[in-house]
Each structure stands twice: as C-alpha cells, then as structure tokens.
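# have a look; sequence and predicted model below, questions after that.
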Amino acid sequence: MLILAQFLFTMGLVYFLSALNVRFRDIQHILGNLIVLWFFLCPIIYPVTNVPAGWRFTFYLNPMAILSISYQDIFIYARTPSLIPLFAVILVGLGCTYIGFAQFERLKETFAEDI
C-alpha cells in the first residue's frame, strides 16, 4: 500500500508539472529549488522526534512526509506504519493523479506548438 500511495501521488505531480513545463519553461528552474526545500520539510535526514510537539501536525499536511515516516517505520523501526495517514495519502494521490492526468490530456494537443 505504501508503494501504491507513493506511485499515485508522484504520478499526479509528474503529469501536472510536465504539462505545465512545456508551456512555461521556467518551471523546471523553480521546481529544482522547490524540491530542495521539500526535501528539508520531510523527515528524511532527521527523526520526527526532533521536531517540537507543537509543530508535528505540519507533517500530516505534507504527503511526502507521511510516506517518509511510513518508510522509516518499516525499515528502521520494524513496525507497521499508521494506516489512517497512509489511506489519506492514497486519496490525495488519487486526486492528484486525476487532476494531473486531466491537465495533461487538456494541454497535450498544444505540446508540438509550444516546443
């Protein structure tokens, strides 16, 4: 389920951003900086316990943070990840995939002209 959640969320972002990148070329440069920022907003290189308790709720607003915590639960702590946030990421992933695919399909006829 964890890989499915990651796949759906990532695929939705890829569809959406790739369609926009054809039209607006500067997105690739902005996206590189945003990915670095997003990396530091996910608990990849630090444990969640280092974040003050009052700010931990922000991780539930970031689907990649939930995926990172779930991977840590499996591979580092050898426990089952929390399923409720994981189901929420699957639902967000389905929404992202639907919106991203719809945007891609809507814009794909103009790709040749824009390139």
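Perfect, thanks for sending it.
# all helices of the chain, in order?
Assigned helices in the chain, in chain order: 2-23, 27-40, 63-75, 83-107, 111-114 (criterion: DSSP state H).
# any idea which of the ones you listed scores lowest on pLDDT?
For the helices of the chain, the weakest mean pLDDT is recorded on helix 111-114, namely a mean of 81.
# alpha carbons of that one, as CSV, please.
Only the C-alpha atoms of helix 111-114 are listed here, as CSV (Å, rounded to 0.1, in the frame of the first residue of the first chain):
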residue,chain,number,x,y,z
PHE,A,111,2.7,20.5,-26.9
ALA,A,112,4.1,20.5,-30.5
GLU,A,113,3.3,24.2,-30.9
ASP,A,114,4.8,25.1,-27.6
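# ok so, going back, can you add mean neighbour count and give the helices of the chain back as CSV?
For every residue, glycine as well, the C-beta is placed using N, CA and C. CSV is the format used below for the helices of the chain (neighbours: other CB atoms under 10 Å):
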stretch, mean neighbour count
helix 2-23, 17
helix 27-40, 11
helix 63-75, 19
helix 83-107, 16
helix 111-114, 10
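# may I see these arranged in TSV, with distance to residue 53 as well?
Putting the helices of the chain into TSV (distance: least, CB to CB, whole Å) gives the following:
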stretch	distance to residue 53
helix 2-23	25
helix 27-40	20
helix 63-75	15
helix 83-107	17
helix 111-114	47
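# with respect to residue 47, which of those lies nearest?
For residue 47, the closest of the helices of the chain is helix 63-75, at 7.7 Å, according to CB to CB.
# so residue 67 sits against residue 5, correct?
Yes. Contact criterion CB atoms under 8 Å: residue 67 and residue 5 qualify, at 6.4 Å.
# name the residues contacting each of those two.
Residues touching both residue 67 and residue 5 comprise residue 89, with contact defined as CB atoms under 8 Å, 6 or more residues apart in numbering.
# gap between the spatially most distant residue from the centre of the chain and residue 78?
For the chain, the C-alpha lying farthest from the average C-alpha position belongs to residue 113; by CA atoms, centre = their mean, that distance is 29.5 Å. Shown here: residue 113 relative to residue 78, a distance of 53 Å by CB to CB, to the nearest Å.
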